[in-house]
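A.B. asks: Structure of the sequence below:
(one chain, ligands or ions: 2)
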Amino acid sequence: MSDNHLLSSNSAPHSDVEAIKERSDYLRGTLEETLQDRITGSISEDDNRLMKFHGSYMQDDRDVRNERNRQKLEPAYQFMVRVRAAGGIVSPEQWLMMDRIAQKYANDTIRLTTRQSFQLHGVIKWNMKQVIQEVNDELLSTLAACGDVNRNVMCNPNPYLSEVHEEVYEWAKRVSAHLDPHTRAYHELWLNEEKVASSDDGVEQEPIYGKVYLPRKFKIGIAIPPANEVDVFSQDLGYIAIHENGRLLGFNVIVGGGMGMSHGDPKTYPQVARTIGFVKPEQMVDVAEKTVMIQRDYGDRAVRKHARFKYTIDDRGLEWFIDELQQRLGWKLEEARSYHFDHNGDRYGWVKGSNNNWHYTLFIQNGRVKDDGGYQLMTGLREIAKIHKGDFRLTPNQNLIIGNVSSQRKKKIDQLIETYKLTDGAIYSALRRNSMACVALPTCGLAMAESERYLPTLIDKLDLVMDEAGLSDDEIVIRMTGCPNGCARPALAEVSFIGKAPGKYNMYLGGGFAGNRLNKLYRENIGENEILSELRPILLKYAKERKDGEHFGDFCIRAEYVKEVHSGLDFHD
Ligand code: SRM
Ligand code: SF4
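C.D. replies: Numbers count the residues shown, from 1 in each chain. Ligands and ions are numbered 1, 2, ... in the order given. Modelled structure (predicted):
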């Protein structure tokens, strides 16, 4: 299909980002010159758009923004660098590399993200090339960690089902590699590869994406029931592994999920992905390729807020999509198989996998790995990485699995966990262990309220209420984001808070415990005192009146605090 066809598939004038992509010569733009410009620590808006495809965002430290402005200084520009690894699995050497560059070039912390990637914050422009080279030297990449392409492919880190997991993980890597951009711009710009002849000569092509890439970001996740840590219903394209007696049979395919919305704009909403059928393992890459191409051709290139795949599906209908997909595939999907999810949170501590190796899941508050006074988390993990022979698995809930530990080495790892008191995390309350907050302030330019820096304090206070209600051991999925973009997938939590303004949040109730149902707005624009006074009676009533095994989200619906949401189209009703 020609690039012209792609451009003409939406009749409305395309957004300015489309023009930036089109004239960028496959993501080159003027990035090379910009990075060499020593006059400013910033880059132009056009180059910043392209920089995202290379895995980085320009940010400024918002804590000092006003003061610098007062002093007539330019904002404290810095870059966030996102490093992806399909399924979030890295080697101890790769962990040590991240640790080293976090200390040398970033803000001395490593951020584990909600999509099983790493983020570094606070890298300055002059160090960007060095950072990206060091990441690539250890065989990780920042390419396509952000931008209008397929992002990090998530994969259930389930250590209980090692053989099925291994197989599914191989498919995650395969689909991820298949959807990588082909442009050599990344290699030229960061890795000193010689410039290839101009793409206009037809030497370089993007067979899947075309010249203007996708209308918007695209996300794929693979879950292995009964665990739904990847929040598969939030993905643009989700695969649910169907397995029997330790054997992978294939995947149910679900499409059109997404979390982002804008306050006050009911045309934007979070949505859950819907099932379209079942495919064999060897068919899943083809399905991903064709789905991405359909979104490339039919996604909205005029209005970026409306450009996610969920809107393409909702506007045109699921039947239209299935027809289009099957036509492009040249074969039909089978009927979806049955499965059951029972949670979307992580399970902590040691478990023995079916391969006889051990896996230790460590709670990392909001994914931030750092040394903090007596809690030497970053140092402890560094020491573990030095002796560890297995892998590290970033979980979709911002936690970390020290994976594939042999019985002989388990004792040594245990000693280090003990020495550095890393299990301080594990004694946290059940509520905290089921919590997640996005980065928000001070680095996120879109944050309207605190999130990562505030949720821990709110949980301290909510834990008192949980104790009072006798719920301290009860698992309730709680999430917070600093704005409605939904980076911690708040719309799928049993209770969530979405930032509206400094210190003010919208509160949502009624999400499914297994990440299978959206929640609904309960109170708008409330501060901490109201949050506590609103939640207290609900938690007390839940403790008293819940049915056997009833989860908090389900109770909130039965007790009529909120209506059940079946589809994102009802989210604002
Ligand atoms: Fe996100 C934008 C952080 C997962 C939906 N997200 C951002 C930016 C880059 C802000 C910006 O555009 O300037 C944030 C950088 C903050 C910082 O300082 O680091 C940011 N998103 C994150 C991370 C780091 C949150 C975290 O606490 O872990 C996650 C990185 C994932 C990764 O490794 O790839 C992250 N973002 C998500 C998720 C969850 C997911 O993918 O499972 C979502 C909701 C799912 C979805 O996409 O529907 C998400 N982020 C967004 C959106 C809204 C997109 C939309 O549909 O409208 C934006 C804003 C945008 O794209 O314009 C955004
Ligand atoms: Fe930033 Fe909003 Fe994402 Fe939080 S949800 S990281 S505030 S864009």
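A.B. asks: just checking, what packs against the helix or strand harbouring Val287?
C.D. replies: For Val287, the host element (DSSP states H and E) is helix 284-298. Packed against helix 284-298, as judged by 3 or more CB pairs under 8 Å, 6 or more residues apart in numbering; DSSP states H and E, are the following elements: helix 3-8, helix 162-178, strand 237-244, strand 247-255, helix 309-316, helix 318-329. The C-beta positions use only the backbone N, C-alpha and C, and glycine is treated the same way.
A.B. asks: Could you dump those into CSV and include distance to ligand 1 and mean pLDDT?
C.D. replies: Shown next, in CSV, are these (distance: least, CB to the nearest ligand atom, whole Å; pLDDT from 0 to 100):
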stretch, distance to ligand 1, mean pLDDT
helix 3-8, 21, 39
helix 162-178, 12, 94
strand 237-244, 11, 97
strand 247-255, 13, 97
helix 309-316, 8, 98
helix 318-329, 18, 98
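A.B. asks: could the ones you listed go into JSON lines alongside mean neighbour count and distance to His572?
C.D. replies: Formatted as JSON lines, the helices and strands packed on helix 284-298 follow (neighbours: other CB atoms under 10 Å; distance: least, CB to CB, whole Å):
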{"stretch": "helix 3-8", "mean neighbour count": "13", "distance to His572": "32"}
{"stretch": "helix 162-178", "mean neighbour count": "19", "distance to His572": "33"}
{"stretch": "strand 237-244", "mean neighbour count": "23", "distance to His572": "23"}
{"stretch": "strand 247-255", "mean neighbour count": "21", "distance to His572": "22"}
{"stretch": "helix 309-316", "mean neighbour count": "21", "distance to His572": "13"}
{"stretch": "helix 318-329", "mean neighbour count": "15", "distance to His572": "21"}
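A.B. asks: Please render these as TSV that adds distance to Asn48 to the earlier fields.
C.D. replies: Output for those, formatted as TSV (distance: least, CB to CB, whole Å):
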stretch	distance to Asn48
helix 3-8	23
helix 162-178	25
strand 237-244	27
strand 247-255	30
helix 309-316	24
helix 318-329	33
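A.B. asks: do you know which of these lies nearest Val477?
C.D. replies: Of all the helices and strands packed on helix 284-298, strand 237-244 sits nearest to Val477, with 18.3 Å by CB to CB.
A.B. asks: any idea of the angle that closest one forms with helix 284-298?
C.D. replies: Interaxial angle of strand 237-244 relative to helix 284-298 (axes from the mean of the first three to the mean of the last three CA atoms, to 10 degrees): 160 degrees.
A.B. asks: before we move on, back to that, can you tell me which of the helices and strands packed on helix 284-298 comes nearest to ligand 2?
C.D. replies: Across the helices and strands packed on helix 284-298, the minimum distance to ligand 2, taken as CB to the nearest ligand atom, is reached by helix 309-316, at 16.8 Å.
A.B. asks: Show me what the closest one is packed up against.
C.D. replies: The elements that helix 309-316 packs onto, with contact taken as 3+ CB pairs under 8 Å, 6+ apart, are helix 284-298.
A.B. asks: please redo it, this time with the cut-off set to 10 Å
C.D. replies: Here helix 309-316 touches strand 247-255, strand 274-279, helix 284-298, helix 318-329, going by 3 or more CB pairs under 10 Å, 6 or more residues apart in numbering; DSSP states H and E.
A.B. asks: Show the backbone phi and psi for Tyr57.
C.D. replies: For Tyr57, the backbone dihedrals (degrees, to the nearest 10) come out as phi -120, psi 140.
A.B. asks: I figured it hits Met51, correct?
C.D. replies: Yes: using CB atoms under 10 Å, Tyr57 is in contact with Met51, at 7.0 Å.
A.B. asks: Residue numbers of the protein in contact with ligand 1?
C.D. replies: 57, 59, 80, 82, 113-115, 117, 119, 151-152, 219, 234, 258-260, 308, 367, 398, 438-439, 443-446, 485-489 (CB under 6 Å from any ligand atom).
A.B. asks: separation between the residue most central in space within the chain and ligand 2?
C.D. replies: Note on the chain: the residue nearest the mean C-alpha position is Arg115, at 2.8 Å, using CA atoms, centre = their mean. According to CB to the nearest ligand atom, to the nearest Å, Arg115 and ligand 2 sit 12 Å apart.
A.B. asks: what about that residue, distance to Gln235?
C.D. replies: 10 Å (CB to CB, to the nearest Å).
A.B. asks: got any residues that touch both of those two?
C.D. replies: Common neighbours of Arg115 and Gln235 (criterion: CB atoms under 10 Å, 6 or more residues apart in numbering): Arg151, Val153, Met154, Lys219, Gly221.
A.B. asks: Turn those into a markdown table, including secondary structure.
C.D. replies: Formatted as a markdown table, the shared contacts of Arg115 and Gln235 follow (DSSP: H, G, I helix; E, B strand; the rest coil):
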| residue | secondary structure |
| --- | --- |
| Arg151 | coil |
| Val153 | coil |
| Met154 | strand |
| Lys219 | coil |
| Gly221 | strand |
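A.B. asks: Let's have those in TSV, adding neighbour count and pLDDT.
C.D. replies: Formatted as TSV, these follow (neighbours: other CB atoms under 10 Å; pLDDT from 0 to 100):
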residue	neighbour count	pLDDT
Arg151	23	97
Val153	31	98
Met154	30	98
Lys219	21	98
Gly221	31	98
